[in-house]
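*Asks:* What would the 3D arrangement of this be:
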Amino acid sequence: MDKEFQNRLKHFTALKSKYQAIKNNDSSPSSPLYLILRKADLNIELNELESEFLLESGLVATLEIIGKEKNNRTQELLNLEIEFSQLKSKYKAKKHNISWVDSKLYYIILKLE
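*Replies:* Numbers count the residues shown, from 1 in each chain. Below is the predicted model:
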């Protein structure tokens, strides 16, 4: 086996473990499951066909884990937005109407904390 194939095989095995998809016997990196798990790991939204594939393959727990990770990311983004808003209020910088994602002010205010 070539090195790249071995690396993909190891990566696929690690993703199957992370997303509790071990019971799926397909270990080939050319499997649709590998693509789906890679997308999930990169925070790329799964399409309906991919979600159906997981359900039909009996990988309900995998789909639930992916959903929980998405919810956690969404909550963390919301927490950052709230934190930025509170810091702007604390330091009276409410006129700064730019998202925390694009704002240099967020980093400046954090250094004051």
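*Asks:* excluding its backbone neighbours, what's nearest the most centrally placed residue in the chain?
*Replies:* Most central residue of the chain, judged by C-alpha distance to the mean C-alpha position with C-alpha atoms, centre = their mean, is residue 43 at 3.4 Å. Closest residue to residue 43 in three dimensions, ignoring its sequence neighbours and counting by C-beta to C-beta, 6 or more residues apart in numbering: residue 73, at 6.5 Å. Glycine gets a C-beta too; all of them are placed from N, C-alpha and C.
*Asks:* ok, now residue 54?
*Replies:* residue 63 (4.7 Å).
*Asks:* tell me which element the one you found falls in.
*Replies:* helix 60-90 (DSSP states H and E).
*Asks:* For that helix, buried residues please.
*Replies:* Within helix 60-90, the residues scored as buried using 16 or more other C-beta atoms under 10 Å are 62-63, 65-66, 84, 87-88.
*Asks:* As CSV, these with distance to residue 25 would be great.
*Replies:* Shown next, in CSV, are those (distance: C-beta to C-beta, whole Å):
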residue, distance to residue 25
62, 14
63, 18
65, 19
66, 20
84, 47
87, 51
88, 53
